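Engineer: Okay, predicted coordinates and the sequence, questions at the end:
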Amino acid sequence: MINNFDVLKVRNDFPILSREVHPDVPLVYLDSTATAQKPLIVIEAMDDYYRRHNGNIHRGVHTLAEEATEAYENARAKIARFINAKKPRQIVYTRNTTESINLVAQSWGRKFLNQGDLVILTEMEHHSNLVPWQILSEEKKLRLEFIPVDDNGLLDLAVYDELLAKNPKLVSFTHMSNVLGTINPAKEMIAKAKAAGAVTLVDGAQSVPHFAVDVEDLGVDFLAFSAHKMVGPTGIGVLYGREDLLESMPPYQGGGDMIKKVFLRSFIPNEIPYKFEAGTPAIAEAIGLGAAVDYLSSVGMETIADHEHKIVKYAMDLLTQVPGLLIMGEKEGKRGGVTSFTLEGIHPHDIAQILDQDGIAVRAGHHCAMPLHDRYRIPASTRASYYLYNSVAEVDKLIAGLTKIVKMFNG
């Protein structure tokens, strides 16, 4: 049983959790790995901006422009503190984790990677941390090598050590798998990569929202994450970068606000982080992300992580009792709030559609991790994911729904 956490109080902060998705069928939202729901504090912060402070940032000297600029930059400072970055200027606003990784690939990668250079990735990566490097590799003839995933959903670190001996220029990996729930030993992997002379990039889309991430403690060079997975709005993400690396990188896009001076045939780029933030940005979304950081901080990241670990353990214990159900990934270790599984003889899409009739929202498919599913020789899986607002009672409803499905298909 889960103690010392008032999940009902937390749930009251999220308006959508009180809705019915079918007549008299309350929502059971188990898809936070795809996108998290939003607390009222985030919704109100964005509404307040549009109602009272709407103006473009940095350029204007009138009251609204100055208020908008202050709120936008205050949010940047909050984000820096949240991940323990030394300076707000190390926080670059992007649209999402995907754009953050593409920024590194197209700016740092294009400048510093050359033909034959080795980039180390893993078999458990989201497509967002595979395709940008595949695109760059096609252009620059890079070598891509992959740390294998074992049958328990863990990285084969012995192979990682072998790859590090091949003089890699970049090591890029997910902090937590969006399919397996595996929490990779990021600090250890980063230390080894740096000892081998490699730059490191961590996909924090599934870690930053769910447990404390300290960039100084990790020693990471780049960290990418998205607001919408951490109870913030869609359309805004973050790239944290080591200051000297960001300074050395050319602009990613051209246009307004990323310049200091423009001539007809040349330009002088702005200072960081602004040289990576071309055009009018997602101002309301940045303010919403700042409010999301406030909310998560008020609950406490250790409290959130503890709640999720207990919820996922409770779920794992019950899921293993469902006939024909096979859980992907590690069964015994401490994992993130994700359970992906297959049911023998039943397609994941059928499972998701039938569960939806009972108001239970789960994900079905390859979860933007097709190579990982290929590694396990399955085309798709069903994924239930948990966050700070999920309860034991909701897990019980999931198990009851799955049990009903098994009986429906198998008699």
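Structural biologist: Sure, I can see it.

Engineer: following whatever helix or strand Lys192 lives in, which helix or strand comes up?
Structural biologist: Using DSSP states H and E, Lys192 falls within helix 186-195. Sequence order places strand 199-203 as the next helix or strand after helix 186-195, per DSSP H and E.

Engineer: mean confidence for the helix or strand just after that next one?
Structural biologist: Next helix or strand after strand 199-203 toward the C-terminus (DSSP H and E): helix 215-218. The average pLDDT within helix 215-218 is 98.

Engineer: tell me, how many neighbours does the closest residue to Met258 other than its chain neighbours end up with?
Structural biologist: By the measure of CB to CB, 6 or more residues apart in numbering, the closest residue to Met258 outside its immediate chain neighbours is Ala278, 4.2 Å from it. (C-beta placed from N, C-alpha, C; glycine too.) Neighbourhood size, Ala278 [other CB atoms under 10 Å]: 17.

Engineer: What of the one 5 residues further on?
Structural biologist: Other residues near Ile283 number 23, with proximity taken as other CB under 10 Å.

Engineer: follow-up on the earlier one: need the three-state assignment for the residue nearest to Met258.
Structural biologist: Secondary structure state of Ala278, per DSSP: H, G, I helix; E, B strand; the rest coil, is coil.

Engineer: Would you agree Gln76 falls within a helix?
Structural biologist: One thing to correct before we go on: residue 76 is Arg, not Gln. Yes. Counting by three-state DSSP, Arg76 falls inside a helix.

Engineer: mind checking which helix or strand the closest residue to His366 other than its chain neighbours is in?
Structural biologist: Leaving aside its chain neighbours, His366 sits nearest to His373 (4.9 Å; criterion: CB to CB, 6+ apart). According to DSSP H and E, His373 maps onto helix 370-375.

Engineer: and for that helix, what are the contacting residues?
Structural biologist: For helix 370-375, contacts defined as CB atoms under 8 Å, 6 or more residues apart in numbering pick out 123-125, 127, 130, 148-149, 177, 179-180, 366, 379-381.

Engineer: just stretch 211-224 next, same as before
Structural biologist: 83-86, 94, 97, 100-101, 104, 108, 175, 183, 186-187, 190-191, 194, 199-205, 207-208, 237-242, 245, 301-302, 304-305, 308, 336.

Engineer: pretty sure Lys166 contacts Gly116?
Structural biologist: No. At 11.0 Å, Lys166 does not count as touching Gly116 under the criterion of CB atoms under 8 Å.

Engineer: ok so, going back, can you give me the offset of the helix holding Lys192 from its chain's centre?
Structural biologist: Here helix 186-195 shows a centroid-to-chain-centroid distance of 20 Å under the convention CA atoms, centre = their mean, to the nearest Å.

Engineer: pLDDT (mean, whole number) over it?
Structural biologist: Here the average pLDDT along helix 186-195 is 98.

Engineer: Now that helix: buried residues?
Structural biologist: Neighbour counts over helix 186-195 (16 or more other CB atoms under 10 Å) mark 186, 189-190, 192-193 as buried.
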